[in-house]
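In: attaching a predicted model along with its sequence, questions to come.
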Amino acid sequence: MSKIQNYRRGEFMKRIGILTSGGDAPGMNAAVRAVTRTALANGVEVFGIRYGYAGLVAGDIFQMTSATVADKIERGGTFLYSARFPEFAQKEVQLKGIEQLKKHGIEALVVIGGDGSYHGALRLTEHGYNAIGLPGSIDNDIPYTDYTIGFDTACNTAMEAIDKIRDTATSHQRVFVVNVMGRDCGDIALHVGVATGADAIVVPEEEYDIKEIAETLKQGFANGKKHGLVVVAEGVMNAEDFKNELLKYGDFDARANVLAHMQRGGNPTVRDRVLSSKMGAYAVKLLLDGKGGLAVGIENNKLIAHSILDLFDAKHQGDYSLYSLNKDMAK
Ligand SMILES: Nc1ncnc2c1ncn2[C@@H]1O[C@H](COP(=O)(O)OP(=O)(O)OP(=O)(O)O)[C@@H](O)[C@H]1O
Ligand SMILES: O=P(O)(O)OC[C@H]1O[C@](O)(CO)[C@@H](O)[C@@H]1O
Ligand SMILES: [Mg+2]
């Protein structure tokens, strides 16, 4: 792996920085709080960096106290703000970011974000600044972690929205095709589909047969069901297009619905707050141990840290047993 600075625990490390990057996720604030409070408890000063890597390069950096992170654990979004800043893939831009870190005496960084943000963290570590990544993304698309920060909240938000959709679907005996987020990952669709009793779940990781889905829906109505529900991961197909395809195989009264960014907002659930708190504290421990270029994860309820490099060769493994489980229950 890349260069590692060997700070001794608490001895040389005086200041760390923290930023949030990529798509925001509920629980990011709880993670920032955990990092800040844990660092302060270990005698390390903490600097917040606004607007992800864009703010790092621009020098939008401020010292945080315990009070800065008060009243934040329950809030959605990220109070440090986020940004997509593709310029950070360029070495000269990364070096500008490092100049800012040096200017503020910041010796190491915690980055909360997705796979793109991890690339930035790895580059900083390679340039001699230890950076640790925390998986902040609603998509649950990051390898070597069972769950990402924000996934549970997003699933609950989508589930509640679909429960409401079902009220109107039943009243009118309609079929609803609902898009949930997840870009190229079907985890939100799988979990939410099972939790809402969907007739079919469509995810990028599994083959689907639209004719078979139409038959399941028809059978449902024949069995006395008063509504139909198909949960489609956004990466597979737009809900409107999927609905139109479905109508080729069945004479349904159907509607399409895209839940979109509402899934990214809202107060984090207990699970997300606890996960964020554990991961944030662990990231500080790793930095105090002189480690960098690592991504924090949780596997079988145990905190782990993997080289970020390993993550780029791996693919997140979801619980695909949910797919067949749902198929059986939809019959
Ligand atoms: N190859 C790279 N090298 C350095 N920095 C990168 C690289 N790729 C992405 N980044 C930085 O990380 C930021 C976030 O990346 P991206 O937009 O891919 O989101 P993400 O972290 O993967 O989150 P999500 O996919 O969950 O929204 C980018 O805007 C950029 O600043
Ligand atoms: O509109 P934006 O910010 O580009 O993000 C949309 C994407 O972000 C994600 O929510 C991940 O954060 C994806 O599921 C979605 O495709
Ligand atoms: Mg990403």
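Out: Yes, it's here. Ligands and ions are numbered 1, 2, ... in the order given.
In: show me what from this structure comes close to ligand 2.
Out: Within the chain, the residues that sit near ligand 2 (CB under 6 Å from any ligand atom) are Gly23, Ser137, Ile138, Asp139, Met181, Gly182, Arg183, Glu234, Arg264. From N, CA and C alone the C-beta is placed, and that goes for glycine too.
In: next one: the residue of the chain most remote from its centre from ligand 2, what distance?
Out: Distance from the centre of the chain peaks at Ala222, with 39.1 Å (CA atoms, centre = their mean). With distances taken as CB to the nearest ligand atom, to the nearest Å, Ala222 is found 35 Å from ligand 2.
In: let's have the chain start at 300 instead
Out: Sure, I'll start numbering at 300, so the last one becomes Ala521.
In: tell me the pLDDT of that residue.
Out: With respect to pLDDT, Ala521 has a value of 96.
In: what about Val334, neighbour count?
Out: Each residue near Val334 was counted by other CB atoms under 10 Å, and the total is 31.
In: ok, it - contacts?
Out: By CB atoms under 8 Å, 6 or more residues apart in numbering, the contact list for Val334 reads Ile315, Ile317, Val345, Val409, Gly579, Ala580, Ala582, Val583.
In: dump the residues you listed into CSV; add pLDDT, distance to Asn625 and neighbour count as well.
Out: As requested, these are exported to CSV (pLDDT from 0 to 100; distance: CB to CB, whole Å; neighbours: other CB atoms under 10 Å):
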residue, pLDDT, distance to Asn625, neighbour count
Ile315, 97, 43, 26
Ile317, 98, 39, 27
Val345, 98, 44, 24
Val409, 98, 37, 30
Gly579, 98, 34, 27
Ala580, 98, 36, 18
Ala582, 98, 35, 32
Val583, 97, 39, 26
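In: sorry, back to before: want to throw the residues of the chain next to ligand 2 into CSV with secondary structure?
Out: Formatted as CSV, the residues of the chain next to ligand 2 follow (DSSP: H, G, I helix; E, B strand; the rest coil):
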residue, secondary structure
Gly322, coil
Ser436, coil
Ile437, coil
Asp438, coil
Met480, coil
Gly481, coil
Arg482, coil
Glu533, coil
Arg563, helix
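In: narrow these to those that are buried.
Out: Gly322, Ser436, Ile437, Asp438, Met480, Gly481, Glu533, Arg563 (16 or more other CB atoms under 10 Å).
In: nearest to ligand 3, of those residues?
Out: Ligand 3 lies nearest to Ser436 out of those, by CB to the ion, at 6.4 Å.
In: state the pLDDT value of the closest one.
Out: For Ser436, the predicted pLDDT is 97.
In: what's it in contact with, if anything?
Out: By CB under 8 Å, 6+ apart, the neighbours of Ser436 are Gly321, Gly322, Ala324, Gly412, Gly413, Thr447, Ile448, Gly449, Phe450.
In: so what pLDDT did the second one get?
Out: Going back to what we said before, that points to Gly322. Looking at Gly322, its pLDDT is 96.
In: surely it touches Gly413?
Out: Yes - with contact defined as CB atoms under 8 Å, Gly322 and Gly413 form a contacting pair (6.6 Å).
In: what is in contact with the two at once?
Out: Joint contacts of Gly322 and Gly413 (CB under 8 Å, 6+ apart) are Ser436, Asp438.
In: circling back: hmm, which two among the buried ones among the residues of the chain next to ligand 2 are most spread apart?
Out: Farthest pair in those (CB to CB) is Ser436 and Glu533. Separation: 14.1 Å.
In: shaky segments in this structure?
Out: Scanning the chain for pLDDT under 70 picks out 300-311.
In: domain parsing for it?
Out: Domains of the chain are assigned by the TED database as 314-449+567-612, 450-564.
In: tell me the contacts of Ala629?
Out: Gly496, Ala497, Asp498, Ala499, Thr515, Gly519.
In: any chance of the residues you listed in TSV, plus distance to Asp466, secondary structure and neighbour count?
Out: Output for these, formatted as TSV (distance: CB to CB, whole Å; DSSP: H, G, I helix; E, B strand; the rest coil; neighbours: other CB atoms under 10 Å):
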residue	distance to Asp466	secondary structure	neighbour count
Gly496	13	coil	15
Ala497	15	coil	25
Asp498	16	coil	26
Ala499	20	strand	25
Thr515	21	helix	18
Gly519	17	helix	19
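In: closest to ligand 1 among those?
Out: Here the nearest of these to ligand 1, counting by CB to the nearest ligand atom, is Ala497; it sits at 24.1 Å.
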